[in-house]
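*Asks:* Provided below for reference: sequence and predicted model.
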Amino acid sequence: MARITFVAYERCMFSGIAGLTDAFSLAELWHQKPEREKAIRPSV
Amino acid sequence: MKRKPSVSKEKEVLTNGGFRICPDRAMEDVEHTDLDHHSPLVVRHASPAEEMPDILDWLVHHRRQNTRIGAICTGVWVLAMTGLLDGKTATTNWQIVKSFRRQFPKVRLKPEQILTEDSGLICSGASTALYHLALCTEMFASPALSRTCARVLLIDPSRNSQTPYVIMNFPKNHGDREILKAQHWMEENYAENISIDEVAHLVHLSPRHFKRRFKNATDENPLAYLQQIRLEAAKQRLESSTDNIDEITRRIGYEDSSTFRRLFKKYTALSPREYRDKFLISKKKSNFALANEVNSV
């Protein structure tokens, strides 16, 4: 588990915070998925 | 991975587009963090250091605890203000490269790169390079997870250069009237066979004096400036026409297409054909229009 801190300044780009937040949220969701659901390719 | 979205000394942070971000806690309340992601600092990158000494001290404090620090876009400017990047490799938004180099000569700036990582300091280039920074960060947790996220987010990990995206900068607010006149003349006549001595004569300066004043005013020598005008013109033609490369070479003032191709590659990291494949607008628009036509039938 990592703790991530964002430092945001006035007039920063909203997408900077939003994009990183979404990217890490997605990684977290994927990380929590059960192993059997993570397979994105059939095993041959 | 667990997120702690944002910290600030202020109650709210107003972003460039008008959205407000509500921080979870004050900066000084963060005792420990593994990864600090620095937001882009688009407008205020040139703020005097005295406006943000507490932020700089805070970053240095966390770096001394071996915290990895990420900076995106012009946020790299703030990270450089801490001195932590001195002697380290970094990248930043290509638009601020010249001023960044003047301000932080000790930083080994590699603006052609989308992402750099040196001694726990991760820097990314303009705007959407933040996704590469996210992938790099996820790589520390799990390379497989990082690769999966690249697919899910439609990020091309092989996109490692921001050079093809650079738009040349032609500064004109320097106040040197003769040099400004020379710039305008070159921009109108770049397709002709121009010699720099001829331009110097046109503005009544000796070639040597002209080159020195030109460099002081624009931060470029006149020949490199002329090359950049021609290459910008070539880029526009490649983006908007189907003219062949030899035709474009002639239209922008070069007789020898191999010289043009070599310079084009040097400044954009792509061949003219590769550049056209990436940026040709009319082709993409016509494809889009065709798709709409098919969908409407």
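*Replies:* Nice, thanks for sending it over.

*Asks:* Every contact and neighbour count from this point should use C-alpha atoms.
*Replies:* Fine.

*Asks:* which bits of chain A sit near chain B?
*Replies:* Contacts of chain A with chain B, taken as C-alpha under 8 Å from any C-alpha of the partner chain, map to A:1-14, A:16-17, A:19-21, A:23-28, A:30-31.

*Asks:* Just the buried residues of those residues.
*Replies:* Taking 16 or more other C-alpha atoms under 10 Å in any protein chain shown as the criterion, what is buried in the residues of chain A next to chain B is A:4-14, A:16-17, A:19-21, A:23-24, A:26-28, A:30.

*Asks:* In strands, which of these fall?
*Replies:* A:4-7 (DSSP state E).

*Asks:* Can you lay out those residues as a markdown table showing pLDDT?
*Replies:* Shown next, in a markdown table, are these (pLDDT from 0 to 100):
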| residue | pLDDT |
| --- | --- |
| A:Ile4 | 77 |
| A:Thr5 | 80 |
| A:Phe6 | 81 |
| A:Val7 | 79 |
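
*Asks:* contacting residues around the helix or strand harbouring B:Lys98?
*Replies:* Following DSSP states H and E, one finds B:Lys98 within helix B:97-103. Residues outside helix B:97-103 that contact it (C-alpha atoms under 8 Å, 6 or more residues apart in numbering or on different chains) are B:77, B:107, B:109, B:111.

*Asks:* one more time with 10 Å, if that's ok
*Replies:* With contacts defined as C-alpha atoms under 10 Å, 6 or more residues apart in numbering or on different chains, helix B:97-103 is touched by B:45-46, B:74, B:76-77, B:80-81, B:91-94, B:105, B:107-111, B:169, B:219.

*Asks:* Quick check: buried residues in stretch B:185-196?
*Replies:* B:186, B:190-191, B:196.

*Asks:* For the closest residue to chain A within the stretch 151-297 of chain B, give me the pLDDT.
*Replies:* In the stretch 151-297 of chain B, the residue that lies nearest chain A is B:Leu153 (7.7 Å; C-alpha to the nearest C-alpha). What the model reports for B:Leu153 is a pLDDT of 87.

*Asks:* From B:Glu274, how far out is it?
*Replies:* 24 Å (C-alpha to C-alpha, to the nearest Å).

*Asks:* Show me the helices in chain B, by range?
*Replies:* For chain B, the helices defined by DSSP state H cover B:53-64, B:75-81, B:97-103, B:130-141, B:143-152, B:177-189, B:196-202, B:207-218, B:222-240, B:245-251, B:257-268, B:272-279, B:281-296.

*Asks:* Report the buried residues of the fourth one.
*Replies:* Neighbour-count burial for helix B:130-141, with 16+ other C-alpha under 10 Å as criterion, is recorded at B:130-138, B:141.

*Asks:* Not counting residues beside it along the chain, what's closest to the residue of the stretch 151-297 of chain B closest to chain A?
*Replies:* In space, and not counting its chain neighbours, B:Leu153 is closest to A:Ala23: 7.7 Å by C-alpha to C-alpha, 6 or more residues apart in numbering or on different chains.

*Asks:* where does the stretch 1-150 of chain B have low pLDDT?
*Replies:* B:1-10, B:32-52 (pLDDT under 70).

*Asks:* For B:Leu115, name its beta-bridge partners.
*Replies:* Under DSSP bridges, the beta-bridge partners of B:Leu115 are B:Ser124.

*Asks:* wouldn't it be in contact with B:Leu130 here?
*Replies:* Yes - using C-alpha atoms under 10 Å, B:Leu115 is in contact with B:Leu130, at 8.8 Å.
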